[in-house]
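In: give the three-dimensional model of this entry:
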Amino acid sequence: MSSVGDDCNELKQQYDACFNGWFSERFLKGQTDDSACAPIFRVYQECVKRAIKEKKIDLQEIDPIFETGLEEDNAKKSGAKQQPAGKS
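Out: Down below sits the predicted model:
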């Protein structure tokens, strides 16, 4: 499967290879530290974010789960403080 952005395909392949190696060689053997792939994941994630912006993809139209972060973003922009969950 290709990435959302053509420029991200190589990074996706690198991350997939890293993840698959980690999963089969470490995770399935009880080693849950997934930091080995974190650097390539961050680079790939930034590429995907950039591609989503360039293509003007509205994630809220795809899945309402992406609305959850909007309240925090709007509060930060307006200067309002967020209360921790369960506190009022």
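In: which parts of this protein are helices?
Out: 9-25, 38-54, 59-62, 70-78 (DSSP state H).
In: what distance do you get for Leu59 to Arg42?
Out: 19 Å (Cβ to Cβ, to the nearest Å). The way it works is simple: take the backbone N, C-alpha and C, and place the C-beta from them, glycine included.
In: in CSV, list the helices of the chain along with distance to Met1.
Out: Listed next are the helices of the chain as CSV, based on distance: least, Cβ to Cβ, whole Å:
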stretch, distance to Met1
helix 9-25, 8
helix 38-54, 13
helix 59-62, 16
helix 70-78, 28
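In: mind putting those into a markdown table with mean neighbour count and mean pLDDT?
Out: Converted to a markdown table, the helices of the chain look like this (neighbours: other Cβ atoms under 10 Å; pLDDT from 0 to 100):
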| stretch | mean neighbour count | mean pLDDT |
| --- | --- | --- |
| helix 9-25 | 15 | 96 |
| helix 38-54 | 14 | 93 |
| helix 59-62 | 10 | 76 |
| helix 70-78 | 10 | 48 |
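In: out of those helices, which comes closest to Ser2?
Out: helix 9-25 (5.7 Å; Cβ to Cβ).
In: show me what the closest one is packed against.
Out: Helix 9-25 sits against helix 38-54, with contacts defined as 3 or more Cβ pairs under 8 Å, 6 or more residues apart in numbering; DSSP states H and E.
In: angle of the helix it packs on against helix 9-25?
Out: 140 degrees (axes from the mean of the first three to the mean of the last three Cα atoms, to 10 degrees).
In: can you list contacts of helix 38-54?
Out: The contact list for helix 38-54, computed with Cβ atoms under 8 Å, 6 or more residues apart in numbering, reads Ser3, Val4, Gly5, Asp7, Cys8, Leu11, Lys12, Gln14, Tyr15, Cys18, Phe19, Leu59.
In: try 6 Å this time
Out: Val4, Gly5, Cys8, Leu11, Gln14, Tyr15, Cys18 (Cβ atoms under 6 Å, 6 or more residues apart in numbering).
In: alpha carbons of that helix, as PDB, please.
Out: What follows is helix 38-54, C-alpha atoms only, in PDB (Å, rounded to 0.1, in the frame of the first residue of the first chain):
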ATOM      1  CA  ALA A  38      10.800   6.000  16.600                       C
ATOM      2  CA  PRO A  39      13.200   8.200  14.600                       C
ATOM      3  CA  ILE A  40      12.100   6.900  11.200                       C
ATOM      4  CA  PHE A  41       8.500   7.000  12.400                       C
ATOM      5  CA  ARG A  42       8.700  10.700  13.300                       C
ATOM      6  CA  VAL A  43      10.200  11.600   9.900                       C
ATOM      7  CA  TYR A  44       7.500   9.600   8.100                       C
ATOM      8  CA  GLN A  45       4.800  11.100  10.200                       C
ATOM      9  CA  GLU A  46       5.900  14.600   9.400                       C
ATOM     10  CA  CYS A  47       6.000  13.700   5.700                       C
ATOM     11  CA  VAL A  48       2.400  12.400   5.900                       C
ATOM     12  CA  LYS A  49       1.200  15.500   7.800                       C
ATOM     13  CA  ARG A  50       2.700  17.700   5.100                       C
ATOM     14  CA  ALA A  51       1.100  15.600   2.300                       C
ATOM     15  CA  ILE A  52      -2.300  15.800   4.100                       C
ATOM     16  CA  LYS A  53      -2.000  19.600   4.300                       C
ATOM     17  CA  GLU A  54      -0.900  19.900   0.600                       C
END
